[in-house]
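1. Just the structure for this:
(4 chains)
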2 protein chains.
Amino acid sequence: MIREDALATVAKAARANTSRRVTISDVANALGIAKGTVSRALNNYPDISDATRQKVRRKAEFMGYRPLAQAQAIRTGRSRAIGLVLQTDIPGAQRPFLSDFLAGVSKAASDASWTLTVAMSAGGQEMLTTMDRLVDERKADGFIVPRTFSHDARAELLRRRNVPFVLYGRLQEIGDSAWFDILGEEAMREAVERLAAHGHTRIGFVNGGKEYNFSHLREEGYLRGMTEAGLDVDQSLIISGAMTTEAGAEATLTLLRRAEPPTALVFAVDMAALGAYATAERLGLTVGKDVSVISYDGIPECAWVQPPLTSFRVDNKMAGSRLTELLIRSIRGEEPSTLRKSAKATLWPGGSDGPPESTSDEIARRVAAG
Amino acid sequence: MIREDALATVAKAARANTSRRVTISDVANALGIAKGTVSRALNNYPDISDATRQKVRRKAEFMGYRPLAQAQAIRTGRSRAIGLVLQTDIPGAQRPFLSDFLAGVSKAASDASWTLTVAMSAGGQEMLTTMDRLVDERKADGFIVPRTFSHDARAELLRRRNVPFVLYGRLQEIGDSAWFDILGEEAMREAVERLAAHGHTRIGFVNGGKEYNFSHLREEGYLRGMTEAGLDVDQSLIISGAMTTEAGAEATLTLLRRAEPPTALVFAVDMAALGAYATAERLGLTVGKDVSVISYDGIPECAWVQPPLTSFRVDNKMAGSRLTELLIRSIRGEEPSTLRKSAKATLWPGGSDGPPESTSDEIARRVAAG
DNA sequence: TCTCTTGCCGAAACCGGTTTCGTAAACAAT
DNA sequence: ATTGTTTACGAAACCGGTTTCGGCAAGAGA
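-> Residues are numbered from 1 along each chain as shown, chains lettered A, B, ... in the order given. Prediction:
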């Protein structure tokens, strides 16, 4: 009887040219036990003897059994898929970021035999709708939330719906969220330290958009660096909101036109720092000599410009992996507030910083002349 | 009885703080018909009367019923998910490409209420393993295969396993695959035409890696352009295998050192074309004056360099959408050989091409001197 | 009027898992 | 020896859908 069934199944599979999957019933039949027992054995239920557990494990392994996430999901509600909703309408800020990041997430996910469901949306309300849909359709058991805003509607939504998530970045009010972040504030502090060591005393800061929480942190880092170096903070040398090259160029121009312009600039974001080159050229100044620049992100374009941009490189691939690991642990039930990690960015020296070859006064004169 | 059940369910949902989904049974109960009937009505089975079909449709809509893809999948084997396996180990060739492309795929997918499962792997065998796994686990009903190779192992695997797929690019031997592609050969032909119109007669060609099928096509386009312009083809002015900036710089150097160097270069790939700037500078030549350059891809970096690179821009977002649409149709059973579309790249004029300001001889002399 | 189709739908099996429930056997306690 | 607990597992219900099967009623043909 059993044999006949098996033969029939095999024959059917052969006709359909479909090498049929090994199901949990196959394993149970092979062992002559109930399929419920197999399920409980594989899921470490306490009411299964060690002997049986071992036996089942071995047989399942031998037969190449792998549970079908879909089938599990309809009962458990979880399908071993992590969700990632990306924003499309950012100028291009995520372009360099994306590929490495995805690689890291995907690697960590498949190492744990999870999969990755990706969606993109225009941001704002649409993004929330998309996440809602993915949760409703059980296409994701939890989410990675990249580019954290100071007050993040996505985090609120997920918390309200009781869906696990981990932030790439930190929130203003810490709450009990899980997060991973690169300590950008440390990098900013080190940037100031390095410039001060070069001999700079007037160091400006071009920050990113204040809607992102990282901007607040990086500004703190800059301020701390200034204080530690014993330098005065001049609020007129701080500009924020520069996320693109154009905005960076604009901010650089503004700062260099001050009465007492800076001889060095710290940027919160590479894309903005690249704008400094255009402005410098326009004003007849040389980056790395007349005006030093240190930035943050470590996008490939840093190596493109002349002189190469000194920047703190962020390992987005690693970040993706860490985030995924944290998220999986969160989904498995670990307390979010215990799931927090950070890493540091590493300095990639280019030629864009060095001892000041012009004084603030000289720069002011040349800017006025040009 | 039914009312009690409903109340119990609601109460349970309230306790779990989980607004329970509307299931197919809910719809069936509300109408007082069998759930099988609801299923068949919604799936357009022919043995359901129009009256019933309408009634079910309306009620389902009204109740906000949406089938759970997971549950459908365990019976049908399909879960309305499209698979995308990306390669991590390409130098960065996909970096600009990725974000737009993903946006397109994701948009088209969610418009059809499908989802997108993404995996990345190092290419080669690992990529095949990854696809295999996704198929086994039914995480993808079909695949988009980007960056088609002349002989593509991924396409063979999928064909063998009888999994629908659509290529981004064409195969050497056409077969019966579905594909979408941008007609790069047309762009190359137009590039030559444009340069010839400028007055160039010695036009070189720096091709991409011959493992990619697009390289063969683009070379054909270049050759056709030369023929149509009535120009002699000099095989010593054709180099292939340049996919990176370094390789592009190298190739440019080689060509400009020929006895009779070209006054214009056509590149198959932007990343390579960017290398021409470095080489030109090194040789004391000016891009756009001494040597004209036209390229292909339209990556953002084109606008970065001076003079901006004239390039044929590829709309990767649109490509992603088209590919997704084709794939869904293929999964739904349409014949792959009928699922083929193409589009053209559009010229983005920069300042990197123009009438030759130096003759081939002059260039040769200056290269020899430098 | 009586059969033979045909159209339409209900009932139930099924997909591949998980989880509840009940109980036989082994063991401990009396 | 009897009773009460555990331990470990089988049987069956269940998750949310799809698909098969069978039969009733209406219409067609004789």
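
2. chain center to stretch A:311-325: distance?
-> On the basis of C-alpha atoms, centre = their mean, to the nearest Å, stretch A:311-325 is displaced by 6 Å from the centre of the chain it belongs to.

3. now do stretch A:28-42
-> That offset, for stretch A:28-42, works out to 41 Å (C-alpha atoms, centre = their mean).

4. What residues does the stretch 201-350 of chain A have near chain B?
-> The interface of the stretch 201-350 of chain A toward chain B, taken as C-beta under 8 Å from any C-beta of the partner chain, is made up of A:300-301, A:304. Bear in mind the C-beta positions are built from the backbone N, C-alpha and C, glycine included.

5. For those residues, pick the one with the most neighbours.
-> In terms of neighbours by other C-beta atoms under 10 Å in any protein chain shown, these top out with residue A:301 at 21 neighbours.

6. show me the contacts for it.
-> By C-beta atoms under 8 Å, 6 or more residues apart in numbering or on different chains, the contact set of residue A:301 is A:96, A:270, A:274, A:309, B:301, B:304.

7. Where does confidence bottom out across those residues?
-> Ranked by pLDDT, these bottom out at residue A:96 (64).

8. excluding its backbone neighbours, what's nearest the most centrally placed residue in chain A?
-> A centroid search over chain A (C-alpha atoms, centre = their mean) returns residue A:168, at 4.7 Å, as the residue closest to the centre. Distance criterion C-beta to C-beta, 6 or more residues apart in numbering or on different chains; nearest residue to residue A:168, sequence neighbours excluded, is residue A:146 at 4.4 Å.

9. burial of the one you found, as a residue count?
-> Residue A:146 - counted by other C-beta under 10 Å - has 22 other residues nearby.

10. same check, this time on residue A:272
-> Neighbourhood size, residue A:272 [other C-beta under 10 Å]: 30.

11. Also residue A:244?
-> Residue A:244 has 18 nearby residues by other C-beta under 10 Å.

12. how close does it sit to residue A:256?
-> To residue A:256, residue A:244 is 18 Å away according to C-beta to C-beta, to the nearest Å.

13. Against chain B, how distant is the residue in the stretch 51-200 of chain A that DNA strand D sits nearest to?
-> Taking C-beta to the nearest atom of the strand as the measure, the stretch 51-200 of chain A has residue A:52 as its residue closest to DNA strand D, at 3.5 Å. In this view, residue A:52 and chain B are 26 Å apart by C-beta to the nearest C-beta, to the nearest Å.

14. try residue A:333
-> With C-beta to the nearest C-beta as the criterion, residue A:333 and chain B are 16 Å apart.

15. Now do the SS call for that residue.
-> Residue A:333 carries the three-state label coil when classified by DSSP: H, G, I helix; E, B strand; the rest coil.

16. which residues of the stretch 251-370 of chain A fall in strands?
-> A:264-267, A:292-297, A:310-313, A:340-343, A:346-348 (DSSP state E, counting those that start in this stretch).

17. Can you list phi and psi of residue A:81 for me?
-> Dihedral pair for residue A:81: phi -130, psi 130, per degrees, to the nearest 10.

18. show me the contacts for it.
-> A:69, A:114-117, A:139-141, B:117, B:139.

19. do that again at 10 Å, thanks
-> A:69, A:73, A:109, A:114-117, A:134, A:138-142, A:331, B:70, B:81, B:115, B:117, B:139 (C-beta atoms under 10 Å, 6 or more residues apart in numbering or on different chains).

20. Show me which of these are buried.
-> Among those, those classed as buried by 16 or more other C-beta atoms under 10 Å in any protein chain shown are A:69, A:73, A:109, A:114-117, A:134, A:138-142, A:331, B:70, B:81, B:115, B:117, B:139.

21. near DNA strand C, from those residues?
-> Applying C-beta under 7 Å from any atom of the strand, the subset of those adjacent to DNA strand C is empty.

22. Filter those residues down to the ones in helices?
-> Counting by DSSP state H, the members of the buried ones among the contacts of residue A:81 that fall within helices are A:69, A:73, A:109, A:134, A:331, B:70.

23. With pLDDT as extra columns, can I get those residues in CSV?
-> Below are those laid out as CSV (pLDDT from 0 to 100):
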residue, pLDDT
A:69, 94
A:73, 95
A:109, 96
A:134, 92
A:331, 95
B:70, 93
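
24. These: which two are farthest apart?
-> A:109 and B:70 (18.0 Å; C-beta to C-beta).

25. And the residue of the stretch 201-350 of chain A closest to DNA strand C?
-> Closest to DNA strand C within the stretch 201-350 of chain A is residue A:333: 12.5 Å, counting by C-beta to the nearest atom of the strand.
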